[in-house]
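A.B. asks: predicted coordinates and the sequence they were generated for:
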Amino acid sequence: MPQRTRNGGSRGVQITRDSENEELMAWAKAQAQRIDLVLYESLHRFSSPGYLAGSAAREGHAYDERGIELGVIEPARYMLNLGGKRLRPLTTMLVMEAFSAKPDHFLEFAVVPEVIHTGTMLHDDIEDGSTMRRGKQATHLKFGVPKILNLGDVMFFMPLNAIKDSKKIDEKQKAKMLGMCVEDMTRLGVGQGVEIVWHNFEVSPFAITEKQVLQVLADKTGALTGIAMKIGAIIGGADDKTVEKIGRAGKLLGVGFQIQDDILNITPSRVSDTKGGVGEDITEGKITVLVVHALKHSPKKDAERLVEILKSHTRDHETIDEAIGIVKKSGAIEHANELKEAKIKEALKLIEEAVPESPARDRLQKLLTFSISRVN
């Protein structure tokens, strides 16, 4: 086998790297299947009448098991069955392992951020008026908005039971994890609230700064990646300073991944194909780093036209293409790519500093790097 080099370019080196990526993806796929089993097990356990009633007898009361099935389990299974990379649980597992904790023993904690993430997606699809999720009918269109609004709320709190009830971690670790989840989920809700205001154009798009957009990304997307990595570090026994640094790395990664998603949404890609087509963000009137850059660096006429299109929430392909053209002409895609790369680079540097050197850390870095290059 050819020797691997960092600056290579030979065909032999590419084969070696392809082989490494195949091994990495095979590992990720196998772990994702195990994670899915724990997700379904947790769903059934924490929504079961036996668990909800507790050990105390509830004389005169009874749960409607069919109601639970139709109101919670069936739509939740539909959403979970749409799949996903399960990147957050995978990062939790690898951070645990890097700190010498055994991931197999703590898998129920790895799914905590994934269940919360699923709840946010349920709400996002309703708020954005999305019709598709990963190439299938959006859950709220299949089961109805009231049911899915409620399910999203349930999925914010359901996984916290795994932390609360655990006999595998001490009370100090429980308190850290629960406190961290409450703080970051509050930020997540605030970030979503700001984004809704922006979508409704209650604030002038010309007044929104790139730093403000990045803060919303850190609160909405970065918070969940941060939760995933902090859970792994807390279970591994990391000190508070290290947990904080690892959480910051997770937030930066989340921001980087979301910027990449926003770029792919306005270009032909797997992301745009599975979310309703190229330019769905234009239809939503979404204020992204791309839009903010375009408004600042376009001629006044173009900037005003872009805002006009965003406010119209159009589904007309020619009009969407016109908006995308304004964004591209401003150099926004190149700027967003540079911003994304800077965030990912900073995150990987923090991981290098905070996570103990180990095969698990190497795999974590490779997984994150490979994922950011594969989202299209």
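C.D. replies: Great, that's in hand. Numbers count the residues shown, from 1 in each chain.
A.B. asks: put the alpha carbons of stretch 221-240 into PDB.
C.D. replies: Provided in PDB are the C-alpha atoms of stretch 221-240 (Å, rounded to 0.1, in the frame of the first residue of the first chain):
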ATOM      1  CA  THR A 221     -27.500  24.800  15.400                       C
ATOM      2  CA  GLY A 222     -24.300  25.200  17.400                       C
ATOM      3  CA  ALA A 223     -26.000  24.600  20.700                       C
ATOM      4  CA  LEU A 224     -27.000  21.100  19.800                       C
ATOM      5  CA  THR A 225     -23.500  20.100  18.600                       C
ATOM      6  CA  GLY A 226     -22.100  21.700  21.800                       C
ATOM      7  CA  ILE A 227     -24.500  19.600  23.900                       C
ATOM      8  CA  ALA A 228     -23.400  16.500  22.200                       C
ATOM      9  CA  MET A 229     -19.700  17.100  22.800                       C
ATOM     10  CA  LYS A 230     -20.200  18.400  26.300                       C
ATOM     11  CA  ILE A 231     -22.100  15.300  27.300                       C
ATOM     12  CA  GLY A 232     -19.300  13.100  26.100                       C
ATOM     13  CA  ALA A 233     -16.700  15.200  28.000                       C
ATOM     14  CA  ILE A 234     -18.800  15.200  31.300                       C
ATOM     15  CA  ILE A 235     -19.300  11.400  31.100                       C
ATOM     16  CA  GLY A 236     -15.500  11.100  30.500                       C
ATOM     17  CA  GLY A 237     -14.800  13.100  33.700                       C
ATOM     18  CA  ALA A 238     -13.300  16.200  32.100                       C
ATOM     19  CA  ASP A 239     -13.000  19.300  34.200                       C
ATOM     20  CA  ASP A 240     -15.300  22.300  33.800                       C
END
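A.B. asks: just the buried residues of it, please?
C.D. replies: Neighbour counts using 16 or more other C-beta atoms under 10 Å place 221-236, 238 of stretch 221-240 among the buried residues. Any C-beta I mention is one placed from the backbone N, CA and C, and that applies to glycine too.
A.B. asks: next one: stretch 353-364
C.D. replies: Applying 16+ other C-beta under 10 Å to stretch 353-364 flags Ala354, Val355, Ala360, Arg361, Arg363, Leu364 as buried.
A.B. asks: what mean pLDDT does it get?
C.D. replies: Averaged across stretch 353-364, the pLDDT comes to 96.
A.B. asks: rewinding a little: mind putting the buried residues of stretch 353-364 into a markdown table with distance to Thr319?
C.D. replies: Formatted as a markdown table, the buried residues of stretch 353-364 follow (distance: C-beta to C-beta, whole Å):
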| residue | distance to Thr319 |
| --- | --- |
| Ala354 | 47 |
| Val355 | 47 |
| Ala360 | 48 |
| Arg361 | 47 |
| Arg363 | 45 |
| Leu364 | 43 |
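A.B. asks: identify the farthest-apart pair in these.
C.D. replies: Largest separation among those by C-beta to C-beta: Ala354 and Arg363, giving 16.0 Å.
A.B. asks: in the strand or helix carrying Arg248, what counts as buried?
C.D. replies: Element membership of Arg248 [criterion: DSSP states H and E] is helix 240-265. For helix 240-265, burial by neighbour count (16+ other C-beta under 10 Å) applies to 242-265.
A.B. asks: picking that back up, closest one of the buried residues of stretch 353-364 to Leu24?
C.D. replies: Arg363 (7.0 Å).
A.B. asks: how much space separates the closest residue to that closest one other than its chain neighbours from Gly236?
C.D. replies: Spatial nearest neighbour of Arg363, excluding adjacent residues (C-beta to C-beta, 6 or more residues apart in numbering): Leu94 at 5.8 Å. Between Leu94 and Gly236 the computed distance is 10 Å (C-beta to C-beta, to the nearest Å).
A.B. asks: many thanks, have a good one.
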